[in-house]
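1. dropping the sequence and predicted coords here.
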Amino acid sequence: MAHAHATDTAQHDDHHDQAPTGIKRWIFATNHKDIGTMYLVFSLIMFFVGGSMAMVIRAELFKPGLQLVDPGFFNEMTTMHALVMIFGAVMPAFVGLANWMVPMQIGAPDMALPRMNNMSFWILPFAFTLLLSTLFVPGGSPAGGWTMYPPLILQTGNAFPMLIFAIHMMGASSIMGAINVIVTIMNLRAPGMTLLKMPLFCWSWLITAYLLIAVMPVLAGAVTMLLTDHFFNTSFFNAAGGGDPVMFEHIFWFFGHPEVYIMILPAFGIISEILPTFSRKPLFGATSMIYAIASIAFLSFIVWAHHMFVDGMPEAAQIFFMMSTMLIAVPTGVKVFNWTATMWRGSLSFEPPMLFAISFLFLFSIGGFSGVMLAIVPADFQYNQTYFVVAHFHYVLVPGAIFAIMGAVYYWLPKWTGHMYSMGLAKTHFWLSTIFVNVLFFPQHFLGLAGMPRRVPDYAVQFSDWNMVSSIGGFGFGLSQILFVIVIIQCIRGGKKATAKVWDGATPTGLEWTLPSPPPFHSFTTAPEVN
């Protein structure tokens, strides 16, 4: 009997040791690398889904007049494009990068809560199936903009409860991912790795995770109140019943403004990893970078009403929100200065990750400058709800968040796959993306300043030239992304083996990558001491 029991136990152990293969490997994945890969693949698919919606928008706007789609469907496309890109492309990509890199960077064996990690991923395909299936229900998709303002969003018929449930699922997934990151970083760091010794990418994610936990429940509350207004005759936002539709804007933007930092802080972490590597110098002022990220995160909670300057708020409130918004420019400026100082007198080389990082630095700054313009109350009265705002946030999110994600993929892909990718194809992808992203979004500043409103399928004839240029840029940018997929697939299938120090040979002279002290200053008789 004892022998039989021992055999059973041995068989059980053998079974336990065999990792599931095939489809089961992915469905039951608890390995942080597998889950990170699933997040990144999902995000890439959603990037193309959301991008195809943007192509519908730009095709319609190619000429004045109504060409392809009716105005209702056009508004559905703008709403769905935003929701898919924010919750389906950008956020899951950052969570995928966190899954892959955070345990490795802090010396942890895996994420702290692997089964919850699996669940937080598998919620997403169901959430987006639900969201995208609203396109096929009677009455069509939600068409109230991604901000879901009442009363517009309440007129969407059968799609409305599906939208709300999908958003609840995305929020649950984000909160679970954030809890996992915090617990992992707090509890599983290798001995000797103090918080201030952590890489910047881990720091940016730790702060982002706290933001997520703070604001996702606020969004959940806001959409639940919309739901009860629609189905249970409450009057949170219904003016006829004593409610206030502007209150929804306050609640939504209290979530929405930290949310835009959730989409950019991990990008700051990525850029802080790439620039030192290809400058062959340590990051300039690493501790001040951490404080800058924390300051941006804190300030993001007290600026929400700058989205609402035209809603009729007291002058004192307008001044407060204007000043607090402009204050965010200070820590952001610190970061841009430190990144530039990191490259200063470095031994630079321009591999694809570095190209994306430098492009991020230039183009994200344009988005930052237009943000400061939008923060000024009297100016905002002119820019509000025009294409200037569209240009502003796309400069932050496309050459900002998405370029950082692409830079991260090019930076870590050799580590993930063990293979090098085609440098030529990757650089072609970079140059096409950078040229077309500017052709696409820069003219939108001119359109906005000339007074073209957002979210309109038809427009006055004087806007036609720049809209045509913008649409050509849009199609160019969209098609360039096919190269990105080709590079990734080629790399996964094989290629030159990556070395242990993968970016070694990147130096112009082929030197070993160490962290050198700066070159001597020739204007001195002796080189200054370097710490």
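-> Good, I have the coordinates. All values derive from a computational prediction rather than experimental measurement.

2. now the element after the helix or strand of the chain with the lowest mean pLDDT, going C-ward?
-> Here the helix or strand of the chain ranked lowest by mean pLDDT, DSSP states H and E is helix 2-17, holding a mean of 46. Sequence-wise, the next helix or strand downstream of helix 2-17 (DSSP states H and E) is helix 22-27.

3. which helices and strands sit right next to that following helix?
-> Applying 3 or more CB pairs under 8 Å, 6 or more residues apart in numbering; DSSP states H and E, one finds that helix 22-27 contacts helix 32-60. Quick note: C-beta positions are derived from backbone N, CA and C, even for glycine.

4. residue 198 contacts residue 184, doesn't it?
-> No: if you go by CB atoms under 8 Å, residue 198 and residue 184 don't touch, sitting 11.5 Å apart.

5. so the helix or strand harbouring residue 166 versus helix 32-60, what angle?
-> Assigned by DSSP H and E, residue 166 falls within helix 159-187. For helix 159-187 against helix 32-60, the angle by axes from the mean of the first three to the mean of the last three CA atoms, to 10 degrees is 140 degrees.

6. after helix 159-187, next one along is what?
-> Next in sequence after helix 159-187, counting helices and strands by DSSP H and E, comes helix 200-231.

7. buried residues in the helix or strand following that next one?
-> Following helix 200-231 in sequence order, the next helix or strand is helix 245-262 (DSSP H and E). Buried residues in helix 245-262, counted by 16 or more other CB atoms under 10 Å: 245, 248-262.

8. ditto for stretch 111-127
-> Neighbour-count burial for stretch 111-127 flags 111-114, 116-118, 120-124, 127 (criterion: 16+ other CB under 10 Å).

9. so what's the residue nearest to residue 375 when sequence neighbours are not counted up against?
-> Nearest residue to residue 375, sequence neighbours excluded (CB to CB, 6 or more residues apart in numbering): residue 325, at 3.9 Å. Neighbouring residues of residue 325 by CB atoms under 8 Å, 6 or more residues apart in numbering: 303, 306, 371, 375.

10. chain center to the host helix or strand of residue 325: distance?
-> If you go by DSSP H and E, residue 325 is part of helix 315-327. Mean-position distance between helix 315-327 and its chain equals 26 Å (CA atoms, centre = their mean, to the nearest Å).

11. immediately after it, which helix or strand?
-> helix 329-343.

12. how far does stretch 184-194 stretch from start to finish?
-> With CA to CA, to the nearest Å as the measure, stretch 184-194 spans 14 Å from end to end.

13. that stretch: how far from the chain's middle?
-> 26 Å.

14. ditto for stretch 445-464
-> For stretch 445-464, the distance to the chain centre is 27 Å (CA atoms, centre = their mean).

15. for stretch 460-478, same thing?
-> The chain centroid and the centroid of stretch 460-478 are separated by 25 Å under CA atoms, centre = their mean.

16. contacts for that stretch, please.
-> 51-52, 54-55, 58-59, 61-64, 432-433, 435-441, 443-444, 446-447, 450, 452, 459.

17. give the contact list for residue 430.
-> Contacts for residue 430 (CB under 8 Å, 6+ apart) come out as 352, 355, 356, 359, 406.

18. any idea which of the residues you listed is closest to residue 136?
-> Relative to residue 136, the closest of the contacts of residue 430 is residue 406; by CB to CB it sits at 31.7 Å.

19. can I assume the closest one sits in a strand?
-> No: counting by DSSP: H, G, I helix; E, B strand; the rest coil, residue 406 falls outside a strand, being helix.

20. contacting residues for it?
-> Contact analysis of residue 406 by CB under 8 Å, 6+ apart lists 356, 429, 430, 433, 484.

21. distance of it from residue 412?
-> Distance, residue 406 to residue 412, by CB to CB, to the nearest Å: 11 Å.

22. again with residue 239
-> When residue 239 is compared with residue 412 (using CB to CB), they lie 51 Å apart.
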